[in-house]
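Chemist: the following comprises the amino acid sequence and a computationally predicted model.
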Amino acid sequence: MRVLLSTIGSRGDVQPLVALATELRALGHEAHLCVPPDFRGWIEGLGLPVTPIGPELRTLTAATPPPNATPPSPEQLRRMAEASVTAQFETVMTAAKDCDLIVAATAIQVAARSVAEVLKIPYVFTAFCPIVLPSVHHSPAPAPGRPPVDGDNQVLWAEDAARFTASFGAALNNHRTTLGLPPVSDVRGHIFADHPLLASDPTLAPWPEPGSGVVETGAWILPDHRPLSPELSAFLDAGDPPVYFGFGSIRAPRGLAEAMVEAARATGRRAILSRGWADLLPTDPGPDVLSIDEVNQQALFPRVAAIVHHGGAGTTTAAALAGTPQVVVPQVYDQYYWAQQVQRLNVGIAHPSGVPTGESLTVALSEALWPDIASNAAELAGQIRRDGAGTAAHHLLKLARA
């Protein structure tokens with residue numbers, strides 16, 4: 001069997017698909033990935049075929065809007081949506097050739113299900129966080145640039161569905177008509193389909209409505225056996241466990257690196273700063289600060305005193321698996337949910353909304369370093385499932401054979 005795994009997202013969206021691809025390959029099947037070009041070299045180095053889709057995300061993330069920039073007009077947004085959907089149809093249709101099933105992740109995968117219909121193969125949508133999927137028990141993830149909002153969840157989900165259709169409905173249905181497919185009236189429901197997978201850990205991020213059609217598999221964790229660099233190992237061995245700071249592949253507020261170093265020193269800790277796509281690098285680091293590039297989190301996280309991060313699904317799960325206290329500094333989308341879960345489970349601290357400062361990070365980090373939080377984090381680590389990708393692989397095989 002040959003499966004297409006497709007996403008338009010950052011490393012946190014891509015790495016779980018690589019974990020699933022690895023499991024499928026171990027079971028004797030083929031997996032082809034359709035992902036942003038940023039990750040092509042890494043994935044091909046693992047021996048997996050890749051079709052790049054869309055522009056380089058790192059370039060888009062690094063671009064800082066000019067002050068007082070004018071938001072795109074409705075006509076500009078319409079053209080952007082049309083261009084994105086057209087590119088998706090062209091790329092996914094090519095990548096899905098000779099495939100027996102399509103797995104799509106991220107909600108802006110507008111074309112993937114239509115491609116599956118044309119090819120007459122099964123299609124499955126995957127979410128990596130519960131609040132991506134509609135439920136009366138939670139509100140939708142906030143749109144980029146918007147903070148979370150309170151209100152009647154049913155109303156908020158209806159408004160969210162209307163925005164999806166208004167943004168992508170015309171472009172999607174134009175292509176469906178050309179392909180001889182009937183139009184859809186609910187774009188978001190069309191993308192999610194009837195039995196989506198939820199690839200999050202059921203203890204860390206449970207689905208609130210068992211029996212509702214959502215298939216919980218557990219998080220898709222890619223085993224990482226890379227050693228830590230000699231420089232990083234020496235830094236870890238040279239003193240008490242430091243604090244890890246990282247913002248992954250999102251844009252970081254200006255001055256964040258200096259604020260992180262200030263917080264570490266205020267709590268009597270050394271600091272490890274992951275540069276990430278935000279290029280976090282303090283102006284005057286000193287010997288108690290080490291800046292690193294991409295690293296094996298599974299090897300590093302158990303050796304640090306706390307993990308301060310943006311709240312991506314992958315980093316939150318890796319920190320939970322390590323049994324290390326967390327400080328989550330959410331900026332966009334599902335990161336607010338992960339911050340709330342870390343706080344609710346008492347395995348870390350949710351940093352308040354807004355731009356973090358040295359003072360605010362010091363307060364949050366000081367609380368996260370309390371012994372009871374460390375004890376709770378260690379206990380949670382023993383409950384995190386490691387078999388999610390394997391569970392999903394077996395589910396997909398059964399689906400393809402049905």
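Modeler: Noted; the coordinates are in hand. Numbering: from 1, shown residues only.

Chemist: can you give me the strands in the stretch 201-350 of the chain?
Modeler: Counting by DSSP state E, counting those that start in this stretch, the stretch 201-350 of the chain has these strands, from start to end: 215-216, 243-246, 271-274, 289-292, 306-309, 326-328, 348-350.

Chemist: and residue 147, which of those is closest to it?
Modeler: Across the strands of the stretch 201-350 of the chain, the minimum distance to residue 147, taken as Cβ to Cβ, is reached by strand 348-350, at 13.7 Å. C-beta here means a position set from N, CA and C on the backbone, and glycine is covered the same way.

Chemist: elements contacting that closest one?
Modeler: The elements that strand 348-350 packs onto, with contact taken as 3 or more Cβ pairs under 8 Å, 6 or more residues apart in numbering; DSSP states H and E, are strand 326-328, helix 335-344, helix 358-368, helix 371-381.

Chemist: 7 Å - rerun?
Modeler: Taking 3 or more Cβ pairs under 7 Å, 6 or more residues apart in numbering; DSSP states H and E as the contact definition, the neighbouring helices and strands of strand 348-350 are strand 326-328, helix 335-344, helix 358-368.

Chemist: for burial, what's the neighbour tally of the residue lying closest to residue 233 once chain neighbours are set aside?
Modeler: Nearest in space to residue 233, with sequence neighbours left out and distances taken as Cβ to Cβ, 6 or more residues apart in numbering, is residue 227 at 7.9 Å. Here the count is done by other Cβ atoms under 10 Å, and residue 227 has 9 residues near it.

Chemist: export the strands of the stretch 201-350 of the chain to JSON lines and append columns for mean pLDDT, mean neighbour count and distance to residue 90.
Modeler: Conversion of these to JSON lines gives the following (pLDDT from 0 to 100; neighbours: other Cβ atoms under 10 Å; distance: least, Cβ to Cβ, whole Å):
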{"stretch": "strand 215-216", "mean pLDDT": "96", "mean neighbour count": "18", "distance to residue 90": "30"}
{"stretch": "strand 243-246", "mean pLDDT": "95", "mean neighbour count": "27", "distance to residue 90": "35"}
{"stretch": "strand 271-274", "mean pLDDT": "94", "mean neighbour count": "24", "distance to residue 90": "35"}
{"stretch": "strand 289-292", "mean pLDDT": "94", "mean neighbour count": "19", "distance to residue 90": "38"}
{"stretch": "strand 306-309", "mean pLDDT": "96", "mean neighbour count": "28", "distance to residue 90": "36"}
{"stretch": "strand 326-328", "mean pLDDT": "97", "mean neighbour count": "29", "distance to residue 90": "38"}
{"stretch": "strand 348-350", "mean pLDDT": "97", "mean neighbour count": "26", "distance to residue 90": "41"}
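
Chemist: want to throw those strands into a markdown table with distance to residue 158?
Modeler: Output for the strands of the stretch 201-350 of the chain, formatted as a markdown table (distance: least, Cβ to Cβ, whole Å):
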| stretch | distance to residue 158 |
| --- | --- |
| strand 215-216 | 24 |
| strand 243-246 | 36 |
| strand 271-274 | 39 |
| strand 289-292 | 45 |
| strand 306-309 | 33 |
| strand 326-328 | 29 |
| strand 348-350 | 28 |
